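Q: My questions are about this predicted structure, shown below with the sequence.
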Amino acid sequence: MRLSESEEFRLINELPEHLKPVVKFALATGLRMSNITGLKWGNVELPNKIAMVHADEVKTGVTIGIPLNSAAMEILRNQQRKHSTFVFIYNGGQLKNAGAKGWRNAVKRAGLGDFHFHDLRHAWASRHIMGGTSLYELQELGGWSKADTVRKYAHLSISHLHSIADNASSDTKLTQKFMQ
């Protein structure tokens with residue numbers, strides 16, 4: 001499912017405080033819930049703007065480096081000194097499940113219907129594609145081993161497709177004249 005800006009805004013406003021940075025981080029990085037909730041400060045290199053997800057924590061079994069954009073960096077800076085080991089916490093310890101009751105209630109209040117935490121990864125991928133990221137680049141960013149999998153995650157909005165509908169026209173005026 002795609003997530004519009006207004007839907008994202010509604011969701012984040014409805015989330016409990018401890019989940020807001022988690023969801024924002026998911027949208028900034030495309031990481032799976034388990035990779036976010038298990039993220040340790042020892043796997044984050046703030047000066048290099050990289051987070052490492054080790055092979056035993058990834059579906060493909062291959063360690064991936066996650067380049068951290070400015071939104072992800074801001075979230076991490078705000079999480080510093082909250083816990084010595086884990087980046088995202090709840091009640092003083094590791095946040096184990098970001099998709100539990102607080103998430104479900106926020107989704108319901110935001111009016112998002114059947115929207116799951118993993119759908120944030122789809123939203124992230126779709127935004128990348130619509131922003132001009134190539135399928136190959138997105139495959140690398142998302143840590144997918146197959147290009148077919150990337151296509152399952154990245155969905156283009158109708159408005160995006162509408163904005164490129166005339167790309168095949170060599171001369172829009174000539175095409176319009178021909179159509180008359």
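A: Received the coordinates, thanks.

Q: contacting residues for residue 45?
A: Residue 45 is in contact with 51, 52, counting by CB atoms under 8 Å, 6 or more residues apart in numbering. Any C-beta I mention is one placed from the backbone N, CA and C, and that applies to glycine too.

Q: could you check the distance from it over to residue 68?
A: Distance of residue 45 to residue 68, computed by CB to CB, to the nearest Å: 9 Å.

Q: and what of residue 99?
A: Taking CB to CB, one finds residue 99 at 23 Å from residue 68.

Q: rewinding a little: what's the overlap in contacts for residue 45 and residue 68?
A: With CB under 8 Å, 6+ apart, residue 45 and residue 68 have common neighbours residue 51.

Q: State the mean pLDDT of the top helix by length along the chain.
A: Assignment by DSSP state H gives helix 119-130 as the longest helix of the chain. Taken as a whole, helix 119-130 carries a mean pLDDT of 90.

Q: I'd like the next helix or strand past that helix.
A: Sequence-wise, the next helix or strand downstream of helix 119-130 (DSSP states H and E) is helix 135-142.

Q: Flag every buried residue along that next one.
A: Going by neighbour count (16 or more other CB atoms under 10 Å), the buried part of helix 135-142 is 138, 139, 141, 142.

Q: can you dump the C-alpha coordinates of that helix into PDB?
A: The C-alpha trace of helix 135-142 is given here as PDB (Å, rounded to 0.1, in the frame of the first residue of the first chain):
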ATOM      1  CA  LEU A 135      15.600  -0.200  -9.700                       C
ATOM      2  CA  TYR A 136      19.200  -1.400  -9.400                       C
ATOM      3  CA  GLU A 137      20.000   1.300  -6.800                       C
ATOM      4  CA  LEU A 138      16.800   0.600  -4.900                       C
ATOM      5  CA  GLN A 139      17.700  -3.100  -4.900                       C
ATOM      6  CA  GLU A 140      21.000  -2.300  -3.300                       C
ATOM      7  CA  LEU A 141      19.400   0.100  -0.800                       C
ATOM      8  CA  GLY A 142      16.800  -2.400   0.200                       C
END
